[in-house]
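Colleague: take this sequence and fold it.
(one chain, ligands or ions: 2)
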Amino acid sequence: YLAGCFGNPSSVIPNVVTQNDVFNLLIFSKFHTWIGGACSLAVIIAGIALFVLARRYIKWRITVAYFVAVALMSVILNFAYPGGDLLLRLGFELLIGSSVFLAFFMATDPASTPLTHLGQLIFGVGLGVLTVLIQTYMGFLGGSILALVIMNLTSPVLDRVGKWKPTTESKEPKLPKAKAFAPEKVKTYECIRCGACLRVCCHKLSPILINQAFVKQDFDALIKLNADYCTGCGHCSFVCPSRIDLKGSVLRSKAMLKQQ
Ligand code: SF4
Ligand code: SF4
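Modeller: Numbers count the residues shown, from 1 in each chain. Ligands and ions are numbered 1, 2, ... in the order given. The predicted structure is shown next:
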């Protein structure tokens, strides 16, 4: 792996690799052919800048939970196998291969990650734990990629974890500032699964899940999701970055339930 990373044409391959060489490589001069196999520091700076620019929609909790879980697992393994260098193990597990790129740009992919905050935290922790276990016991240095594929399979289950309990009581959410736009030019997009609509519903409903159940005409799901609690405030449609008519489909679901 190290030899592969020293493949950067501008780097000089030392005869004896010291701890400083390894950290210099992992943090600054990493260069390999996997996607994201570039300077870890630059990837971290670009990732944080993206979080700041789109903080309402990017699932930064996954990245934070992932790094914390990887660090804790490294410390645990260092105690389990005494005699190793804790700093090197931490650096290796946190920065190896494309794991930094994965933590910022792949693990937060909206389409395949959980909607709720608690689901996202569990997803990040699971990803970190699996990554270290795969790297340690299977000797697969791209462990984070395999771990991500496994954790993506858990998203439908994690969507149900941390979902608020729907209520008939109404609580006003904090909404972002309104932007001026021409209604006739509004274009809708596919849902990016940011989860923003869940967090602003004054009745703690899950507008996107109700919308999906409505499209499938899944009557049982609409009952379980309490679509009839909707009072049509429109907050969900207001915050949706994909401009989906959530309010319309939730109200139509409510009407459908009333007709039954
Ligand atoms: S329109 Fe209905 S589903 Fe949407 S935020 Fe308001 S109460 Fe919730
Ligand atoms: S429907 Fe809109 S607000 Fe809700 S998760 Fe999808 S993109 Fe986000």
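Colleague: okay, CA-based contacts and neighbour counts for the rest of this
Modeller: Will do.
Colleague: can you list the weak-confidence ranges in the stretch 101-250 of the chain?
Modeller: Along the stretch 101-250 of the chain, segments meeting pLDDT under 70 span 180-184.
Colleague: what does it have sitting close to ligand 1?
Modeller: Applying CA under 6 Å from any ligand atom, we find that the stretch 101-250 of the chain lies next to ligand 1 at 200-203, 205, 207, 230-236, 247, 250.
Colleague: just among those, which is most surrounded?
Modeller: Using other CA atoms under 10 Å as the neighbour criterion, residue 250 leads these with 31 neighbours.
Colleague: quick check, that residue in contact with residue 233.
Modeller: No. Applying CA atoms under 8 Å as the test, residue 250 and residue 233 come out as separate, 10.9 Å apart.
Colleague: list the contacts for residue 84?
Modeller: With contact taken as CA atoms under 8 Å, 6 or more residues apart in numbering, residue 84 is in contact with residue 78.
Colleague: so how far is ligand 1 from it?
Modeller: With the distance defined as CA to the nearest ligand atom, to the nearest Å, residue 84 ends up 53 Å from ligand 1.
Colleague: what secondary structure does that residue sit in?
Modeller: Here residue 84 is recorded as coil under DSSP: H, G, I helix; E, B strand; the rest coil.
Colleague: compute the first-to-last residue distance for stretch 220-234.
Modeller: 24 Å (CA to CA, to the nearest Å).
Colleague: that one near ligand 2 at all?
Modeller: No. Judged by CA under 6 Å from any ligand atom, stretch 220-234 makes no contact with ligand 2; its nearest approach is 11.6 Å.
Colleague: so which of the residues of the stretch 101-250 of the chain next to ligand 1 are in helices?
Modeller: If you go by DSSP state H, those have 200, 207, 235, 236, 247, 250 in helices.
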